[in-house]
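Novice: Whatever this is, show me its structure:
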Amino acid sequence: MVCSVDTPLLDGEVLAAGLGGLPGWAARENTIFKRFEFKGFAKAVQMANLVAWHSDRMGHHADISFGWGYCEVVYTTHEAGGVTAVDIDCAQKLEALLV
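Specialist: Predicted coordinates:
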């Protein structure tokens, strides 16, 4: 996926519709994010590794933070300055991996 400053940002309605199909995902400061909860550290690390692998495969890299019991995934299109269809697509495909 190639993003640029010309990649269109999603407006409020389209963003809300995209998030509607993504349980647990929300918008925050020009990003979309989800916090995954786990029991222990190992599962959080495994999730972070899955997101890193998925991001590399998609060519659109998430910001990942994790610690004991959690992994937070954040998508934004830095080049465009906010959330684009690429971010929603990456979140949808990540969720599909978790089913």
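
Novice: switch to C-alpha atoms for all contacts and neighbour counts from now on
Specialist: Fine.

Novice: in which helix or strand would I find C71?
Specialist: strand 70-75 (DSSP states H and E).

Novice: Nearest residue to the middle of this protein?
Specialist: Centroid-nearest residue in the chain, with CA atoms, centre = their mean: Y75, separated by 3.8 Å.

Novice: doesn't K34 make contact with that one?
Specialist: No. Counting by CA atoms under 8 Å, K34 is not a contact partner of Y75; they are 9.2 Å apart.

Novice: Point out where this protein drops to low pLDDT.
Specialist: The chain contains residues with pLDDT under 70 at 1-5.

Novice: Mind naming the longest helix for it?
Specialist: helix 42-58 (DSSP state H).

Novice: I'd like to know which elements that one is packed against.
Specialist: Counting contacts by 3 or more CA pairs under 8 Å, 6 or more residues apart in numbering; DSSP states H and E, helix 42-58 is packed against strand 63-67, strand 70-75, helix 85-97.

Novice: Run the angle between that helix and strand 63-67 for me.
Specialist: Relative orientation of helix 42-58 versus strand 63-67 (axes from the mean of the first three to the mean of the last three CA atoms, to 10 degrees): 170 degrees.
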